[in-house]
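Trainee: Requesting a structural model of the entry that follows:
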Amino acid sequence: MNQKVVSQEQEGTRSPESVLIIGANQDRNTILAALRVYQEAGMGEPINRPDEIHDIACGTCADLSREDISMDEEGIDDLCERVNFAPSEYGLTDVSTEALFAELRRRGAMTGLHGAIGALYDQLERQGQIPGDSRLLNYLACRLRREEALVSGLPGAKDAAQVWQLKIDENDQAKN
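Mentor: This next block holds a predicted model:
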């Protein structure tokens, strides 16, 4: 299998724009195989590629001095490594937010966390980092805030949880 574990040190050296998310393992394996076949066919360096390949990679770019040509041999190796280490969107697991927040409350961490969750979400939303049209993201954020309210133990927590439940229900109705 082509997957490897990435250490935090390795992950920390990558720039944010170089992060890839690969769907299924079959996608990852196909991309890696195609890139290696490309290299083995002697097309690792841009100068060795026919114009048709350049056109696929970056539009009409017969001028090899342009910056938008496709990667060289070293760049392809780096891309293979990034594809190999890319997280899979299917690798996510459910986290019991209720259990998580109960544990945080037990440890006395809920008071600070109560405001931090809302502040973080609001800040990300204002910055446009949270797409307003993502029902899944909206559902997850509302669910997180509902569970956080339920276990916070703060005054008005049950009312706040009901508000978040209404938003979850509205999201479900919009889906149908």
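Trainee: quick one: N29 from R36, how far?
Mentor: Separation of N29 from R36 (CB to CB, to the nearest Å) stands at 11 Å. Backbone N, C-alpha and C define where each C-beta goes, glycine included.
Trainee: Actually, F101.
Mentor: 46 Å.
Trainee: neighbour-wise, which of the two wins?
Mentor: F101 (22 against 14; other CB atoms under 10 Å).
Trainee: and L150, what is it in contact with?
Mentor: By CB atoms under 8 Å, 6 or more residues apart in numbering, the contact set of L150 is 98, 101, 157-158, 161.
Trainee: mind redoing it with 10 Å?
Mentor: 97-98, 101-102, 157-158, 160-162, 164-165 (CB atoms under 10 Å, 6 or more residues apart in numbering).
Trainee: quick one: it from E103, how far?
Mentor: 14 Å.
Trainee: all helices for the chain, in order.
Mentor: 8-12, 25-38, 51-58, 73-85, 97-106, 110-126, 135-152, 157-175 (DSSP state H).
Trainee: Show me what the longest one is in contact with.
Mentor: By CB under 10 Å, 6+ apart, the list of residues contacting helix 157-175 from outside reads 110, 114, 118, 135-136, 138-152, 154, 156.
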